[in-house]
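In: sequence and predicted structure, then a few things I'm wondering about:
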Amino acid sequence: MKTLSAVALIAGLTASIGLADGDDTRFGLAGILSASNKEDLPPITLSAGMPLADAPLSLKSGTYYEIEIEADGSQELGLVGAEFFRAIWIDEIVIEGLEIRPLGLDSVEFDEAGTMEIGFLAIKPGSYNLRVPGSTGETQRLDITIE
């Protein structure tokens, strides 16, 4: 009787979220890390006196994103955003083909020109920002909303 009840419960749950008969068109076998759940974001540019991005970012909780941070080497620049980094799960950071899988992150810094790609899953809804430390200008901050 317990087995029958458990099977009925699982069947009801899978039907309610669209998994009945293996008909889940949202994700592949990797679940939320499937390619169908991935979006590329416009790059963040670190350059002396230039804006970080063209527009604020609007993210959806549960979606996997990849973003490139590009530094032109015009100045030693970094990004801080502890609150944002704690609202996401970082899958990996790729720098010149080296993959880093950190437990957490507070900030990143470029001493010279280069590119870093961060793959992450947006988790906690809210309003956040990444900014160049010590700056006060609007163009030196990227506002990010996770819905």
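Out: Noted; the coordinates are in hand.
In: what bridges to the residue positioned nearest the centre of the chain?
Out: Ranked by distance to the mean C-alpha position of the chain (C-alpha atoms, centre = their mean), the top residue is residue 120 at 3.3 Å. Per DSSP bridges, the residues bridged to residue 120 are residue 65, residue 90.
In: what pLDDT does the model give it?
Out: On pLDDT, residue 120 comes in at 97.
In: now swap in residue 27 and tell me
Out: 75.
In: pretty sure it sits against residue 62.
Out: No. If you go by C-beta atoms under 8 Å, residue 27 and residue 62 don't touch, sitting 10.1 Å apart. All C-beta spots, glycine's among them, are computed from the backbone N, C-alpha and C.
In: between these two, which contacts overlap?
Out: residue 37 (C-beta atoms under 8 Å, 6 or more residues apart in numbering).
In: any stretches of the protein with poor pLDDT?
Out: 1-25 (pLDDT under 70).
In: so what touches stretch 123-130?
Out: With C-beta under 8 Å, 6+ apart as the test, stretch 123-130 has contacts from 44, 52, 61-62, 79-81, 83-84, 86-89, 141-147.
In: run the last query once more with 6 Å
Out: With contact meaning C-beta atoms under 6 Å, 6 or more residues apart in numbering, stretch 123-130 is reached by 61, 79, 81, 83-84, 87-89, 141-147.
In: can I have it written out in CSV, keeping just the CAs?
Out: Output of stretch 123-130 as CSV, limited to C-alpha atoms (Å, rounded to 0.1, in the frame of the first residue of the first chain):
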residue,chain,number,x,y,z
ILE,A,123,19.4,32.1,-7.8
LYS,A,124,18.2,34.8,-5.4
PRO,A,125,15.8,37.4,-6.7
GLY,A,126,16.7,41.0,-5.9
SER,A,127,18.6,44.1,-7.1
TYR,A,128,22.4,44.0,-7.1
ASN,A,129,25.3,45.7,-8.7
LEU,A,130,28.9,45.2,-9.8
